[in-house]
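Student: task: produce atomic coordinates for the following.
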Amino acid sequence: MSKVLDSINEKYSDKILAEKIDLEDNRDISIEFNVRYVPHLLLVDAEGKVFKQEIGYMQEEDVIQAFEDAGIKIKP
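Tutor: Numbers count the residues shown, from 1 in each chain. As a prediction, the model looks like this:
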């Protein structure tokens with residue numbers, strides 16, 4: 001997932017931010033969002049609301065599509 005998130009940041013940094021969090025160093029986040037498996041993606045809108053959670057690997061296109069499906073325009 002790291003490569004996918006890096007690619008998203010390179011291509012769409014003006015629209016979204018893909019952030020990687022080490023859960024061993026940030027146990028509070030894993031508890032708050034009930035993260036039990038890695039990779040675990042939390043897709044969050046501009047207000048900080050999680051609108052989708054995915055467990056497991058996602059292709060870059062699927063991550064972008066999830067934002068688009070939530071009404072967050074990423075691609076022109």
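Student: for the closest residue to residue 21 other than its chain neighbours, grab the count of nearby residues.
Tutor: Nearest non-adjacent residue to residue 21, counting by C-beta to C-beta, 6 or more residues apart in numbering: residue 29, 5.9 Å away. C-beta: built from backbone N, CA, C; applies to glycine. Using other C-beta atoms under 10 Å, residue 29 has 13 other residues around it.
Student: after the helix or strand hosting residue 29, which helix or strand is next? Please name it.
Tutor: For residue 29, the host element (DSSP states H and E) is helix 27-32. Next in sequence after helix 27-32, counting helices and strands by DSSP H and E, comes strand 40-44.
Student: may I have that next one as CSV, with CA atoms only?
Tutor: In CSV, the C-alpha atoms belonging to strand 40-44 read as follows (Å, rounded to 0.1, in the frame of the first residue of the first chain):
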residue,chain,number,x,y,z
HIS,A,40,-6.4,-0.8,6.8
LEU,A,41,-7.5,2.3,4.9
LEU,A,42,-9.5,5.1,6.5
LEU,A,43,-10.9,7.4,3.8
VAL,A,44,-11.7,10.7,5.5
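Student: what sits up against whichever strand or helix holds residue 65?
Tutor: Element membership of residue 65, judged by DSSP H and E, is helix 60-69. For helix 60-69, contacts defined as C-beta atoms under 8 Å, 6 or more residues apart in numbering pick out 4, 7-8, 12, 16, 18, 41, 43, 52, 54, 58, 74-75.
Student: what angle do that helix and strand 40-44 make?
Tutor: Relative orientation of helix 60-69 and strand 40-44, computed by axes from the mean of the first three to the mean of the last three C-alpha atoms, to 10 degrees: 30 degrees.
Student: can I get helix 60-69 as PDB, trimmed to CA atoms?
Tutor: Extracted as PDB, the C-alpha positions of helix 60-69 are listed here (Å, rounded to 0.1, in the frame of the first residue of the first chain):
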ATOM      1  CA  GLU A  60      -4.800   3.300  -6.700                       C
ATOM      2  CA  GLU A  61      -7.800   3.500  -9.100                       C
ATOM      3  CA  ASP A  62     -10.100   2.000  -6.400                       C
ATOM      4  CA  VAL A  63      -8.900   4.500  -3.800                       C
ATOM      5  CA  ILE A  64      -9.600   7.400  -6.100                       C
ATOM      6  CA  GLN A  65     -12.900   5.900  -7.200                       C
ATOM      7  CA  ALA A  66     -14.000   5.600  -3.500                       C
ATOM      8  CA  PHE A  67     -13.400   9.400  -3.100                       C
ATOM      9  CA  GLU A  68     -15.300  10.100  -6.300                       C
ATOM     10  CA  ASP A  69     -18.200   7.900  -5.200                       C
END
